[in-house]
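*Asks:* predicted model and sequence follow; I will ask about them next.
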Amino acid sequence: MSLTLLAIESSCDDTSAAVLKDGKVLSNIVSSQKIHEEYGGVVPELASREHQANIIPVVTKALKLAGVDKAEIDGIAFTKGPGLLGSLLVGVTFAKSLALALDIPLIEVHHMKAHVMAHYIDDPVPNEPFLCLTVSGGHTQIVKVNSPTEMRIIGNTIDDAAGEAFDKAGKMLGLDYPAGPLIDKYAKEGEAKFHFNKPKIKDLDFSFSGLKTSILYSLKKWKTEDPDFIEKNRNDLCASIQSTIIEILIDKLESAARQENIKDIAIAGGVSANSGLRQAVSLLGEKLNGQVYIPQFQYCTDNAAMIGISAHYQFDEGVYADQSVKPDPRMVF
């Protein structure tokens, strides 16, 4: 039996819609919101308003590009959580309304599990079990994946996420939001020669609040000695900050691999687009003598294709939502 799904993602500041047929992506449209740049971060109220303006054009474009009429859709997948309440509400409400009008099933998807599921979009599909380091602006996790519908967090951040550390450090350097891609860009031209304190956290958990504090006080000290210090050393500072964050991530991932006796590793989430992290994970894979799975750039940041592939596997198991479903900003993994 053929299965055509429309997927919707609206957890933060990207409005996305994708169409999948039998697990293959026919279209994946993402509309990013530029309005937040002037505020140095996502403004929830503005994000939800932008979603309201974007949702219909984005869905329409996804269906047109896929060459699929809405009457051909067998189910609608959507992000239930976690995320910003107002943003989630737009996607959930739209999905419920269209599913009701077409009299087809709803499939609710967990946003962070969907990031892991990005690895199931294209071949080769990962060997199971594998470990996935999921890194975004709001989450940093190590997930043990036994199957597309069975995964467990074995390491988590106890405070800030790695993506947030990139953005906050970038703000200290005077970089525009989002700063992560800019730090990656400048780091390629610099040398990691500045030292920042790395947190000592037990087990497989992460912490980045102390690192941000270390960066803040170091920059204050250096700027006192030379007011133009950041401008003169921008590339080296970016390389040093990026190197430190990546070292923290890779050390924990390696510990997890040895603890769980799993050699195959993966990365996912927005920060998995970082070139330094991608290279470091590849080197770790060689060290572990295992397979390394790195998603395409279009599947790193928030997108509906990952929501759709998650729903594809849930659909097979008959896991549906009903019209009483509500967004869950703090949805449990």
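*Replies:* Structure's in. What do you need? All of these numbers come straight from a predicted model, not from anything done at the bench.
*Asks:* give me the low-pLDDT residue ranges for this protein?
*Replies:* The chain contains no residues with pLDDT under 70.
*Asks:* mind giving me the domain split of it?
*Replies:* Following automatic domain parsing, the chain resolves into domains at 4-117+301-316, 124-295.
*Asks:* and of those, who's closest to residue 331?
*Replies:* Among these, the nearest to residue 331 by Cβ to Cβ is domain 4-117+301-316 (3.1 Å). (Each C-beta comes from the backbone N, C-alpha and C, glycine too.)
*Asks:* distance between that closest one and the chain's centre?
*Replies:* A distance of 14 Å separates the C-alpha centroid of domain 4-117+301-316 from that of its chain, computed with Cα atoms, centre = their mean, to the nearest Å.
*Asks:* end-to-end on it?
*Replies:* End-to-end distance of domain 4-117+301-316 (Cα to Cα, to the nearest Å): 12 Å.
*Asks:* also stretch 32-50?
*Replies:* By Cα to Cα, the extent of stretch 32-50 from end to end equals 9 Å.
*Asks:* list the contacts of it.
*Replies:* Stretch 32-50 is touched from outside by 12-15, 54, 84-87, 89-90, 167, 171, 176-177, with contacts defined as Cβ atoms under 8 Å, 6 or more residues apart in numbering.
*Asks:* including mean neighbour count and distance to residue 328, could the domains of the chain go into JSON lines?
*Replies:* Shown next, in JSON lines, are the domains of the chain (neighbours: other Cβ atoms under 10 Å; distance: least, Cβ to Cβ, whole Å):
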{"stretch": "domain 4-117+301-316", "mean neighbour count": "21", "distance to residue 328": "4"}
{"stretch": "domain 124-295", "mean neighbour count": "18", "distance to residue 328": "14"}
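*Asks:* possible to save those domains as a markdown table with distance to residue 324?
*Replies:* What follows is these, written out as a markdown table (distance: least, Cβ to Cβ, whole Å):
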| stretch | distance to residue 324 |
| --- | --- |
| domain 4-117+301-316 | 9 |
| domain 124-295 | 23 |
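*Asks:* apart from its neighbours in sequence, what residue is nearest the residue nearest to the spatial centre of the chain?
*Replies:* Nearest residue to the geometric centre of the chain (Cα atoms, centre = their mean): residue 269, 2.6 Å. Spatial nearest neighbour of residue 269, chain neighbours left out: residue 136 (3.8 Å); criterion: Cβ to Cβ, 6 or more residues apart in numbering.
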